[in-house]
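Q: any chance you can model this:
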Amino acid sequence: MATKTIVPDKDALARVGRMVRKHLDANPKAEKIATDKAEIYALREFVSAEECKKLMMMIDVVAQPSELYAGTEREGFRTSYSGNFNPHDPFVKTISDRIDKVLGLPSKIGETIQGQRYMAGQQFKPHHDFFHVSEEYWQQERKRGGQRSWTAMLFMNKVEAGGATRFVNVGIDVEPKPGVLLIWNNATPEGLPNEDTLHAGTPVQRGVKYVLTKWYRTRKFS
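A: Reported below is the predicted structural model:
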C-alpha cells in the first residue's frame, strides 16, 4: 500500500494564497506577470524617491555579510550584505504596514523586514524562498511561523548594469527600478512549494543595488 506524502502547511499555504490572490487581482495597480508557472505581481511607484533614499541609508547602517541557514552554507552562493530593520521604528513600521495592506495579510505573519545591498560582483545564486523541510533548520522554522508563503521585494534604485532578479524556470529577468514592489507566491494554488519560483539576484556588474524583502509565513511569526 502506497504511503501518502505529508506536505507541511499545505492547507494553510493554499488559504493564504487565495487571500493574497483575491486582493492583488482586485488592485488595478498590481500588474500580473504573464506566466502559468508562478504567481508574480509588480506594483510601480510603491514608495517615493525620498523614501527610497532614506531606506538605502538605513540599509547601509545595518548591512553585514549575508548569511545562509545552518547546513546550507556554500562559498560564494550569497555574497551580498544584509541586515534586519528595527520593526518598532516608526518609518519602518509605516513601510511594513503598507506592504501588509497591499497583500491583504495580517502583520503578525510577516517576518522582520530585511534590507540587502549588492556591490559590484556580488550576487545571490538561484534559490527558493520557501523552506526545504528535509533540511535541519526546518525543525526550528516550523515553530517560528511555519512555511514561507509570499515574498515582497522592494527595489530602491536603478543599477548601472546587472543585478536583475532572475526567475530561472519562468525565464524572466526583473530589472531593478526605484520604487517597484515585486510580489510572488512561493507555493502553488494547491498549497505545494512551487519549484518554479527558483530565483537569483544576478551579479551586479556596475553600481550598487539596494532592495528590501519581507517574507510571510502561514502562522504568526516569532
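
Q: from here on, just use CA atoms for contacts and neighbour counts.
A: Will do.

Q: list the contacts of residue 221.
A: Taking CA atoms under 8 Å, 6 or more residues apart in numbering, we find residue 221 in contact with 108, 109, 110, 111, 144, 145, 146.

Q: pretty sure residue 128 sits against residue 201.
A: No: applying CA atoms under 8 Å, one finds residue 128 not in contact with residue 201, separated by 11.5 Å.

Q: higher neighbour count, these two?
A: Between residue 128 and residue 201, residue 201 has the larger neighbour count (other CA atoms under 10 Å), namely 23 against 16.

Q: count of residues packed around residue 26?
A: 10.

Q: for it, give me the pLDDT.
A: The model reports residue 26 with a pLDDT of 98.

Q: any figure for the gap between it and residue 160?
A: For residue 26, the distance to residue 160 equals 34 Å [CA to CA, to the nearest Å].

Q: then residue 128?
A: Residue 128 is 26 Å from residue 160, by CA to CA.

Q: residue 14 too?
A: According to CA to CA, residue 14 stands 39 Å off from residue 160.

Q: and these two? Which one has more around it.
A: Between residue 14 and residue 160, counted using other CA under 10 Å, residue 14 has the larger neighbour count: 18 against 14.

Q: which helix or strand contains the more buried one?
A: helix 10-25 (DSSP states H and E).

Q: tell me which element residue 92 is part of?
A: Judged by DSSP H and E, residue 92 forms part of helix 90-103.

Q: which strands and helices sit next to that helix?
A: helix 10-25 (3 or more CA pairs under 8 Å, 6 or more residues apart in numbering; DSSP states H and E).
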